[in-house]
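K.L.:
With the sequence up front, the predicted model follows.
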Amino acid sequence: MNRRRSPIHPVSSPPPPGLFRRLGALLYDAVLLAGVLFAATLVVLPLRGGEAFRPHDPLFFAYLLLVVWAFFGWFWTHGGQTLGMRAWKIRLVSADGAALGWNQAALRYVCAWVSLGLFGLGYLWIWIDPQRRAWHDRLAGTRMIWQER
């Protein structure tokens, strides 16, 4: 007698978010980040006697990169979502589903600049990777998931 049992299927999770959803979140964050960088500039402007920064001042550029890192690092380690990610209903987690630590967030941040700097190839990798991970996700051991309601 051939008995066929009906498998119990757990509620399947939706596929990881694609490139356009991630870029939408990044664009949303870029608008917010512009305001944060403006405020960060206002904070240090009095230290220069009110003088403007030179266009290619490496110290000021490093300061702005640090501000951007603090922005993303804080959101990634405190809930896994920037405001843009929240609006687009995606969350960043470790490969095992746990929250990110600061070291993992730092590695992802640096690798994301590399992914972007190489003509965006690290981001385009999402179209090739079966788990839809960008280079910086693979290197930092992170993944994006759909935000549960």
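P.N.:
Arrived safely, thanks for sending.

K.L.:
Could you pull up the contacting residues of the residue lying closest to residue 112 once chain neighbours are set aside?
P.N.:
Excluding its sequence neighbours, the residue lying closest to residue 112 (CB to CB, 6 or more residues apart in numbering) is residue 136, at 4.2 Å. The way it works is simple: take the backbone N, C-alpha and C, and place the C-beta from them, glycine included. The contact partners of residue 136, by CB atoms under 8 Å, 6 or more residues apart in numbering, come to 108, 109, 111, 112, 114, 115, 122, 142.

K.L.:
do the same with residue 123
P.N.:
Per CB under 8 Å, 6+ apart, neighbours of residue 123: 19, 22, 23, 115, 116, 134, 135.

K.L.:
Test my guess that the first one contacts residue 129.
P.N.:
Spelled out, it's residue 19. No - with contact defined as CB atoms under 8 Å, residue 19 does not reach residue 129; the gap is 10.6 Å.

K.L.:
follow-up on the earlier one: quick check, nearest of the contacts of residue 123 to residue 41?
P.N.:
The closest of the contacts of residue 123 to residue 41 turns out to be residue 116 (CB to CB; 22.2 Å).

K.L.:
Kindly provide the distance from the closest one to residue 103.
P.N.:
21 Å (CB to CB, to the nearest Å).

K.L.:
again, but for residue 92
P.N.:
Computed with CB to CB, the distance linking residue 92 and residue 103 is 15 Å.

K.L.:
quick one, which of these two is more surrounded?
P.N.:
residue 92 (25 against 10; other CB atoms under 10 Å).

K.L.:
Relative to residue 22, how far out is the more buried one?
P.N.:
The gap separating residue 92 from residue 22 is 10 Å, by CB to CB.
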